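K.L.:
how does the following fold in three dimensions:
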Amino acid sequence: MKHAVLFIAVSLIGLTLAPGAVAQTFTVPNVTGTSMADIYTAGAVLVSALESNEKEIVHIEYDIVYQGVTTTNYRMLSNRWSYTFLGFADFRITDLDLKVSLLIDTVWVPVGQDQLNDKLPTVTVTPDAPGLYRFEMTAYSFTYPYTSGHYGLMIYHVHPDAQTTTPATDQSLH
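P.N.:
Sure thing, here's the model as predicted:
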């Protein structure tokens, strides 16, 4: 069974892709949707597009998200870069949202979120100082009859060789 699962929003991530890369069709090994093949293949397309456009990927994750349950992860970020968080979902998820928060003292302070009714949430963060960031993925709607699906998340910044301004002095984090 074939599903068109990835329509890369070129305007969202500012990339120019080769013809045919905008829409990819992937074969799902079974209708139960338990295979990660399509989300992994979609991620490979994004890696190629980002890296060919002078972006350095500093974090990639793939996971499953269930209806009504938020998945949470953490990452230290440097103040040397502006980071873009880019989420993407498999054919089962129709609305995927992303929220990014910074730990200040003992409180998680929201610094960005994407709540659009789509499956490509994007948030950009420019840290003032190195810090611990929490990112939360929530799927709000699914293709019937599914109530779970796989997502991918990439965090990237402009590649150091393409940087046009002098970064801050913090060299400790990526």
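K.L.:
from now on I want contacts and neighbour counts done on CA atoms only, so please keep to that.
P.N.:
Fine.
K.L.:
scan this structure for its longest helix.
P.N.:
Determined from DSSP state H, the single longest helix within the chain is helix 37-51.
K.L.:
and whatever helix or strand comes next after that one with helix 37-51, angle?
P.N.:
Remark: after helix 37-51, the chain's next helix or strand is strand 55-66, criterion DSSP states H and E. Between strand 55-66 and helix 37-51, the angle comes out at 160 degrees (axes from the mean of the first three to the mean of the last three Cα atoms, to 10 degrees).
K.L.:
mind listing what's buried in strand 55-66?
P.N.:
For strand 55-66, the neighbour count (16 or more other Cα atoms under 10 Å) marks 55-57, 62, 64-66 as buried.
K.L.:
for Val65, see how far away Phe142 is.
P.N.:
According to Cα to Cα, to the nearest Å, Phe142 and Val65 sit 11 Å apart.
K.L.:
try Val100
P.N.:
As judged by Cα to Cα, Val100 and Val65 stand 17 Å apart.
K.L.:
got it, and Leu120?
P.N.:
Computed as Cα to Cα, the Leu120 to Val65 distance reads 15 Å.
K.L.:
thinking again about what came up before, which one among the buried residues of strand 55-66 gets closest to Glu136?
P.N.:
Val65 (10.5 Å; Cα to Cα).
K.L.:
who's in contact with the closest one?
P.N.:
Listed by Cα atoms under 8 Å, 6 or more residues apart in numbering, the contact partners of Val65 are 71, 137-139, 148-151.
K.L.:
of these, grab the buried ones for PyMOL.
P.N.:
For the buried members of those, the matching PyMOL selection, counting by 16+ other Cα under 10 Å, is:
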select buried, resi 137+138+139+148+149+150+151
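K.L.:
which of the contacts of Val65 fall in strands?
P.N.:
Within those, residues falling in strands by DSSP state E are 71, 137-139, 148-151.
K.L.:
need those residues in a markdown table (columns: distance to Thr94 and pLDDT).
P.N.:
Shown next, in a markdown table, are the ones in strands among the contacts of Val65 (distance: Cα to Cα, whole Å; pLDDT from 0 to 100):
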| residue | distance to Thr94 | pLDDT |
| --- | --- | --- |
| Thr71 | 16 | 96 |
| Met137 | 13 | 97 |
| Thr138 | 11 | 96 |
| Ala139 | 8 | 96 |
| Ser148 | 11 | 95 |
| Gly149 | 10 | 95 |
| His150 | 11 | 96 |
| Tyr151 | 11 | 97 |
